[in-house]
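> What would the 3D arrangement of this be:
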Amino acid sequence: MATAEHDSPATTLSDGAFQRIQTAIVKGEIEPGTRISEHYLSTTFGISRGPLREAIRRLEGRRLVVRIPHAGVRVVSLSFKELIELYHVREALEGMACRLAAEHMTDAEIAGLRNVLATHEKHSGLKANESYYQQEGDLDIHYLIIQGSKNQTLSDMLCGDLYHLVRMYRYRYSTTPKRPQQAFAEHHRIIEAIADRDGELAEMLMRRHISASRRNIERRMQQQDAPRDPQEGQV
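Presented below is the predicted three-dimensional model:
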C-alpha cells in the first residue's frame, strides 16, 4: 500500500478534495439534488479545478453524484420508493451478514466491535440523544459486521457501491428525536448476540434494527410531505 510520501502532489490534492466533498455530501452539508458547481466547490473548499474534477469522477463511482445530460452533475437524490426499496435490501442482506458474523468473527474482532461501540457512547450527539453519526470503515458497526461475515459477495455488495449512499441516508435520518439512543441500544444487543454465537438471534435483531430505521424514514418523509396548517409559521 502506497504511503503519502510516495504519492504525487496531484494525487494528494485529489484525495483531500474527494474526502472533504464526500463528507459534506454524507453529512447533508451539500443536500441531495444539489447541482454540483465546480466554481462553488473550488471557492468553498479552496480546491483547484484539476483535483476537483478527479474528485467528482470518484464521487460518481461511489454513486453519490450523478451526471445528468444538459443538467450537469447533481448530488444523488433517491425517491421515497427507491429509498424504501434500498432499506428492504439492507434488511435482508445485513441480516444474513449478521448471522454469518456470529459464526465466523473471531473473539478479537468481537472485542473490536465492543471497543467501537464504547467510542460511539462518548460522542456528544449520542449523549444528548440528538444524533448518532458513525464514521466510515473501521469506525462503523455495520461495516465491521459485514466484513466479519467473511462472505466476499456480501462485502462487495454492501461495502462497495451501496455503502456511501446508505451512509448518506443513515446520517440524514439519524437525528430523529430519541432514535440515536434507541439505535445505539440495538447495536449493543446485536453485538451481544454475535458474541454469544447466536446467529439466528443476531440476524433477527439486525433485521429489526434496519426495519426500525426504515419505519423512522417513512414517518419523517410522510411528515415532510404533509400539508401545512395555513396558520403555521405566521407571526
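
> contacts and neighbour counts: CA atoms only from here.
OK.

> Can you tell me which residue is spatially central in this structure?
Arg167 (1.1 Å; C-alpha atoms, centre = their mean).

> where's it, which helix or strand?
Assigned by DSSP states H and E, Arg167 falls within helix 163-172.

> for Val66, same thing?
Element membership of Val66, judged by DSSP H and E, is strand 65-68.

> Grab the nearest non-local neighbour of Gly199.
Nearest-residue entry for Gly199: Arg99, 4.1 Å, with adjacent residues in sequence omitted and distances by C-alpha to C-alpha, 6 or more residues apart in numbering.

> quick one, phi/psi of that neighbour?
Backbone geometry at Arg99, expressed as degrees, to the nearest 10, gives phi -60, psi -40.

> Check which helices and strands the strand holding Val66 sits against.
Packing partners of strand 65-68 (3 or more C-alpha pairs under 8 Å, 6 or more residues apart in numbering; DSSP states H and E): helix 49-61, strand 72-75.

> hmm, who's touching that strand?
Contact partners of strand 65-68, identified using C-alpha atoms under 8 Å, 6 or more residues apart in numbering, comprise Ile56, Leu59, Glu60, Val73, Arg74, Val75, Val76.

> Just the closest of the residues you listed to Gln19, please.
Nearest to Gln19 among the contacts of strand 65-68: Leu59, at 9.5 Å, using C-alpha to C-alpha.

> burial count for the residue nearest to that closest one when sequence neighbours are not counted?
By the measure of C-alpha to C-alpha, 6+ apart, the closest residue to Leu59 outside its immediate chain neighbours is Val65, 5.9 Å from it. Look at Val65: counted by other C-alpha atoms under 10 Å, it has 25 neighbours.

> Same question for Glu121.
Using other C-alpha under 10 Å, the number of residues around Glu121 comes to 15.

> now His70
The burial metric for His70, expressed as a neighbour count using other C-alpha under 10 Å, is 6.

> Name all residues that make contact with it.
When contacts are taken as C-alpha under 8 Å, 6+ apart, His70 is in contact with no other residue.

> What is the least confident helix or strand in the chain?
The weakest-scoring helix or strand in the chain, judged by mean pLDDT, DSSP states H and E, is helix 124-127 (a mean of 69).

> Tell me which two of the contacts of strand 65-68 sit farthest apart.
Comparing every pair within the contacts of strand 65-68 by C-alpha to C-alpha identifies Ile56 and Val76 as the most remote, at 12.4 Å.

> related to what we said a few turns ago, and the helices and strands packed on strand 65-68, which one is worst for confidence?
The stretch with the lowest mean pLDDT among these is helix 49-61, which comes in at a mean of 88.

> Mind listing what's buried along that helix?
Along helix 49-61, these residues count as buried under the neighbour rule (16 or more other C-alpha atoms under 10 Å): Pro51, Leu52, Arg53, Glu54, Ala55, Ile56, Arg57, Arg58, Leu59, Glu60.

> for those, which one is nearest Ser174?
Taking C-alpha to C-alpha as the measure, Ser174 sits nearest to Leu59 out of those, at 22.6 Å.

> Please enumerate the helices of this structure.
Read by DSSP state H, the chain holds these helices, from start to end of the chain: 9-26, 38-45, 49-61, 80-104, 107-121, 124-127, 141-148, 152-158, 163-172, 179-195, 199-225.

> and the second one, how far out from the chain's middle?
Looking back up the chat, that one is helix 38-45. Its chain's C-alpha centre lies 24 Å from the corresponding centre of helix 38-45 when counted by C-alpha atoms, centre = their mean, to the nearest Å.

> do the same with the last one
Averaged C-alpha coordinates place helix 199-225 at 14 Å from its chain's average position (C-alpha atoms, centre = their mean).
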